[in-house]
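what follows is a predicted protein model with its sequence.
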Amino acid sequence: MEQVPKIPKEKFKLLNKQDNEASESLGTPSLTYLQDVRRRLFSNKVATACLIILGLIVLISIFAPAVAPHNPNAQKVEYSNLPPKLGNLNIPGFNGMQDMGGKEVDAYKQVGAPKGTYYILGTDYLGRDLLSRIIYGTRLSLIVAVLATLVDLLIGIPYGIVSGWKGGRVDTFLQRIVEIVSSIPNLIVVILMMIILKPGLTSIIIAIALTGWVTMARLIRAQTFQLKEQEYVLAARTLGESSTKIASKHLIPNLSSTIIIQTMFTIPNAIFFEAFLSFIGIGIPAPNASLGTLLSDGQKAFRFLPYQMWAPAIILSLIMIATNLLGDGLRDAFDPQSSD
């Protein structure tokens, strides 16, 4: 029988070796959940822009004493109702010119203001710098929002976890309390707080604290019902872990997306509620400024001095829109399926 010649190994060669290696390699590095959330958030240009805008507003509010050009409560009646002026620049709307009797005149010269005196956003009816009052007013509104959010977190999260984790009669009893609290209008609570306490920051925060946690508690309860049936929670219960430890190690980390997203919607609601109360005259008392008090003062002279209302209205709208758009971006980042 004729022997078949052997072909040496050197003759064999893998075709398209580089193409095969490239197709089998990982195209992107592995990312943790939070790293993937951050990547999706920063890929959303609208949410990123809103994050930058809110960051700037918060920084300016924190460093208000260094940023504000004047004392927000300092009164100079002789400089009352001056129009906006930006240095010596002749920019329409920011050149200190004012319509008096159908004629454009330099309002700063009319009141005998020294050379170099100017107010970027003008002054109010008591000669107070509007820019400084807006900066401090935004700061006060953000303080209300932060305190309301802290109360929302400290009450709403434990309440929702206990209600969802225990279930049964405990859940039924706790939810009846939620229904009673949610049926009371916030305005009535504020009026009751004003009867007991003086009008001001304390009464507003207590009013928000008494009713603002309800939405957070309901969301956390619904999520806890789903999470407590997961395999890792059942395994932890089988191993004898306490309910407190399961909540801190398993439930709260998996509820973080719901907590963060709801927090981003709590902040604008608190700011708007405070602005509404101050606008109707039962919020922050004079001479302190908030966005609501500035809007209330500005609308009184809106026909003749519209700039006094436009500036705080723009800042309030900017905070509300940016916070809501950022909340939408965070929702899509934590749950990619929600954008489908």
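Here it is on my side, so go on. What you see is a predicted model; the values in this text were computed from it and never measured. Numbering: from 1, shown residues only.

where does the stretch 1-150 of the chain dip in pLDDT?
1-5, 7, 9-31, 33, 101 (pLDDT under 70).

what helix or strand does the residue lying closest to Thr323 once chain neighbours are set aside sit in?
Of all residues not flanking Thr323 in the chain, Pro268 sits nearest, at 4.4 Å (Cβ to Cβ, 6 or more residues apart in numbering). No exception for glycine: its C-beta is placed from N, CA and C like everyone else's. Taking DSSP states H and E as the definition, one finds Pro268 inside helix 256-279.

could you point out which element follows that helix?
From helix 256-279, the next helix or strand downstream (DSSP H and E) is helix 291-300.

okay, the angle between that following helix and helix 256-279?
Angle, helix 291-300 to helix 256-279, by axes from the mean of the first three to the mean of the last three Cα atoms, to 10 degrees: 40 degrees.

for the helix or strand following helix 291-300, what is the average pLDDT?
Next along the chain after helix 291-300, taking DSSP H and E as the criterion, comes helix 307-334. The predicted model assigns helix 307-334 a mean pLDDT of 85.

pull out the buried residues from helix 307-334.
Buried residues in helix 307-334, counted by 16 or more other Cβ atoms under 10 Å: 307-309, 311-313, 315-316, 319-320, 322-334.

with stretch 224-244 instead?
Buried, per 16+ other Cβ under 10 Å, within stretch 224-244: 224, 227-228, 233, 236.

name the SS class of Glu229, please.
Assigned with DSSP: H, G, I helix; E, B strand; the rest coil, Glu229 falls in the coil class.

end-to-end on stretch 238-246?
Start-to-end span of stretch 238-246 (Cα to Cα, to the nearest Å) is 11 Å.

who's in contact with it?
Here stretch 238-246 makes contact (Cβ atoms under 8 Å, 6 or more residues apart in numbering) with 165, 233, 236-237, 249.

any chance of those in a markdown table, with pLDDT too?
Below are those laid out as a markdown table (pLDDT from 0 to 100):
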| residue | pLDDT |
| --- | --- |
| Trp165 | 85 |
| Val233 | 80 |
| Ala236 | 81 |
| Arg237 | 81 |
| Lys249 | 79 |
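
out of those residues, which sit inside helices?
165, 233, 236-237 (DSSP state H).

pLDDT at the residue nearest to Thr323, what is it?
For Pro268, pLDDT reads 82.

contacts only, for it.
The contact partners of Pro268, by Cβ under 8 Å, 6+ apart, come to 145, 319-320, 323-324.

how about Lys249?
236, 241.

how near is it to Ala235?
From Lys249 across to Ala235, the span is 12 Å (Cβ to Cβ, to the nearest Å).

next: Gly137.
To Ala235, Gly137 is 52 Å away according to Cβ to Cβ.

with Asp328 instead?
When Asp328 is compared with Ala235 (using Cβ to Cβ), they lie 35 Å apart.

in space, what's closest to Leu130 - neighbours in sequence excluded?
Leu121 (4.2 Å).

cool, and Ala107?
Using Cβ to Cβ, 6+ apart, the closest residue to Ala107 is Gln98 (4.1 Å).

show me what contacts that neighbour?
Counted by Cβ under 8 Å, 6+ apart, Gln98 has contacts 82-83, 104-107, 110.

what's the ChimeraX syntax to select whichever of those are buried?
Entered in ChimeraX, the line below selects the buried ones among the contacts of Gln98, by 16+ other Cβ under 10 Å:
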select :82,83,107
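
same list, the contacts of Gln98, but as CSV with distance to Ala217 and secondary structure please.
Listed next are those as CSV, based on distance: Cβ to Cβ, whole Å; DSSP: H, G, I helix; E, B strand; the rest coil:
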residue, distance to Ala217, secondary structure
Leu82, 49, coil
Pro83, 49, coil
Glu104, 58, strand
Val105, 59, strand
Asp106, 58, strand
Ala107, 53, helix
Gln110, 58, helix
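
of all the contacts of Gln98, which comes closest to Lys45?
Ranked by distance to Lys45 (Cβ to Cβ), these are led by Pro83 at 36.0 Å.

could you count how many residues lie near the residue nearest to Leu130?
22 (other Cβ atoms under 10 Å).

distance-wise, check it relative to Gly137.
According to Cβ to Cβ, Leu121 stands 12 Å off from Gly137.

now do Leu305
Noted for Leu305: a distance of 17 Å to Gly137, by Cβ to Cβ.

with Thr211 instead?
The value you get for Thr211 to Gly137, if Cβ to Cβ is used, is 24 Å.

looking at those two, which is more packed in?
Gly137 (28 against 18).

now that one: how far from Pro83?
From Gly137 to Pro83 the distance is 20 Å (Cβ to Cβ).
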